[in-house]
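Q: what's the 3D shape of this:
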Amino acid sequence: MKSTEANHETTYWGEPSVHNWRVSQLRRLGVSEATAELYADRVDWHQVARLVQRGCPPPLAVRIIR
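A: Numbers count the residues shown, from 1 in each chain. Reported below is the predicted structural model:
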C-alpha cells in the first residue's frame with residue numbers, strides 16, 4: 001500500500017511572532033513602544049493588564065510586574 005502525503009503549508013509561530021504579539025498587547029494597554037519592546041518577553045502582560053484595569057498607570061504596572 002502506498003502512503004500519500006498532502007501538501008500543507010506550514011505556518012511558523014516562532015519567537016519573533018510571539019514577541020511582536022506581546023509587544024502589541026502591551027502597547028494596547030498603554031505601555032510605550034520602547035518599554036513594550038524591552039519587557040515583552042520578560043513580563044506577563046495579563047498581570048500588567050489587571051493592574052492597568054484597576055487604575056494603575058501602565059509604566060508603573062510594568063515596573064511592579066518586572
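Q: now the worst-scoring helix or strand of the chain on mean pLDDT: buried residues?
A: Lowest by mean pLDDT, DSSP states H and E among the helices and strands of the chain is helix 15-28, with a mean of 91. Within helix 15-28, the residues scored as buried using 16 or more other CB atoms under 10 Å are 22-23, 25-27. (C-beta placed from N, C-alpha, C; glycine too.)
Q: just stretch 56-66 next, same as before
A: In stretch 56-66, counting by 16+ other CB under 10 Å, buried: 56, 58, 61-62, 65.
Q: now tell me what touches that stretch from outside.
A: With CB atoms under 8 Å, 6 or more residues apart in numbering as the test, stretch 56-66 has contacts from 26, 29-32, 35, 39, 42-44, 47-48, 51-52.
Q: okay, the buried residues of stretch 56-66 in CSV with secondary structure, pLDDT and distance to Pro16 next?
A: What follows is those, written out as CSV (DSSP: H, G, I helix; E, B strand; the rest coil; pLDDT from 0 to 100; distance: CB to CB, whole Å):
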residue, secondary structure, pLDDT, distance to Pro16
Cys56, coil, 97, 29
Pro58, helix, 96, 23
Ala61, helix, 97, 25
Val62, helix, 96, 21
Ile65, helix, 94, 23
